[in-house]
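Enquirer: For reference, the sequence and a predicted model appear below.
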Amino acid sequence: IPDSGHKYYLQFTTEDYKSGENAGSCLATVLYPKTKSPPVVSIKCMHTQDQKQIQEEDNKLYQKIRQQTKAIIGNNIPDSYGNIEPALEPAWALAVAGSSYIMWEKSTENLGYFMAQVKSVKQWVSKVEITRLRY
């Protein structure tokens, strides 16, 4: 459609964040409007990993965060040398997942974003969890 912007067709593979193994292949169309609107994205993926396994990994992360004996607090994740303290790995994993939303929303046809570091993080604990963390 004239004056609507540029449309791109993409084919790519995804990989598991921790293992680096192939997690699936995707087909996407991305339309960058001429206005300053976010891109319009349509994506379809075929996962090579078992969905039950993915849910189990998600649950492991959730349980790891819940079992913390104190709230997660950290700065500069990873540090200047690429190191991540084991206690801060759950925060980094969540930041990686959340950053993809910002990348899609804020990127333009000529400008892309990539998360390099979490400047600071502080876990918010619900009132129900405060009692559990004190013991």
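Expert: Cool, the structure landed.
Enquirer: quick one: buried residues of the helix or strand that contains Gln53?
Expert: Using DSSP states H and E, Gln53 falls within helix 51-66. Within helix 51-66, the residues that count as buried by 16 or more other Cβ atoms under 10 Å are Glu57. C-beta coordinates here come from the backbone N, C-alpha and C atoms, glycine included.
Enquirer: what helices or strands is it leaning on?
Expert: Helices and strands touching helix 51-66, by 3 or more Cβ pairs under 8 Å, 6 or more residues apart in numbering; DSSP states H and E, are helix 89-106.
Enquirer: domains for this protein, by residue range?
Expert: 1-48, 68-134 (the TED database).
Enquirer: Now tabulate those in a markdown table and tack on mean pLDDT, distance to Glu57 and mean neighbour count.
Expert: Output for the domains of the chain, formatted as a markdown table (pLDDT from 0 to 100; distance: least, Cβ to Cβ, whole Å; neighbours: other Cβ atoms under 10 Å):
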| stretch | mean pLDDT | distance to Glu57 | mean neighbour count |
| --- | --- | --- | --- |
| domain 1-48 | 85 | 8 | 12 |
| domain 68-134 | 82 | 10 | 12 |
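Enquirer: neighbouring contacts of stretch 30-37?
Expert: Contacts to stretch 30-37, defined as Cβ atoms under 8 Å, 6 or more residues apart in numbering, come from residues 3-8, 10, 39-41, 108-109.
Enquirer: wait, Glu109 sits on Lys7?
Expert: No. Taking contacts as Cβ atoms under 8 Å, Glu109 lies outside contact range of Lys7: 10.5 Å.
Enquirer: Now do the strands in this structure.
Expert: 6-15, 22-32, 40-47, 73-77, 118-122 (DSSP state E).
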